[in-house]
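Colleague: how would this look folded up:
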Amino acid sequence: MTMTSFRLLFVAASLYLALGQVCLAASPNASWGGVSLERASVDDCVHWSARALEEEGFNSVQKLGDAVWGTKDPHSAMVFCWAAPNLTVVITSNASSDDAGRVRDQVQHRIHEVARHREHWR
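Modeller: Predicted structure coming up:
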């Protein structure tokens, strides 16, 4: 295992443990899924994901290295971009798990829309 692979594994595990405790402790309902963006770098993924969360009405959208975080009561969203062009979208909700899944679908669709119109967002 190279040092870079080890570093990515360590960051992924740390984020998973830290965010899992924060998100799931406050919110028992979660939905996660993957998105694949053609020819997307990590920077592209972070930029487009932040824009997508803002367009979906999420507040306090923050770029956290290779990830993006935002809240829209009763939902929290986290988009992990370190494996771009493949990314993971996690939505937690104080509402039902069906509601979390619906919001995740909307966010994933919006990320695809933003990426498709990428020339307008740079």
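
Colleague: Tell me what the residue most central in space within the chain is bridged to.
Modeller: What sits nearest the mean C-alpha location of the chain, by Cα atoms, centre = their mean, is V79, with 1.0 Å. Here V79 sits in beta bridges with V68, V89, going by DSSP bridges.

Colleague: Just give me the neighbour total for G65.
Modeller: 11 (other Cβ atoms under 10 Å). (Glycine included, C-beta is placed from N, CA and C.)

Colleague: How about S76?
Modeller: Number of residues near S76 (other Cβ under 10 Å) recorded here: 24.

Colleague: And for the one 10 residues further on?
Modeller: Burial measure for N86: 14 neighbouring residues, criterion other Cβ under 10 Å.

Colleague: what sits against it?
Modeller: Residues near N86 by Cβ atoms under 8 Å, 6 or more residues apart in numbering: G34, V35, S36, L37.

Colleague: Please apply the same query to V68.
Modeller: In this structure, V68 makes contact with V46, S49, A50, L53, V61, Q62, A77, M78, V79, C81, judged by Cβ under 8 Å, 6+ apart.

Colleague: again, 7 Å this time
Modeller: V68 sits next to V46, S49, A50, L53, V61, V79 when contact means Cβ atoms under 7 Å, 6 or more residues apart in numbering.

Colleague: Closest one of those to A95?
Modeller: A95 lies nearest to L53 out of those, by Cβ to Cβ, at 17.7 Å.

Colleague: helix or strand for that closest one, which one?
Modeller: Under the assignment given by DSSP states H and E, the secondary-structure element containing L53 is helix 42-55.
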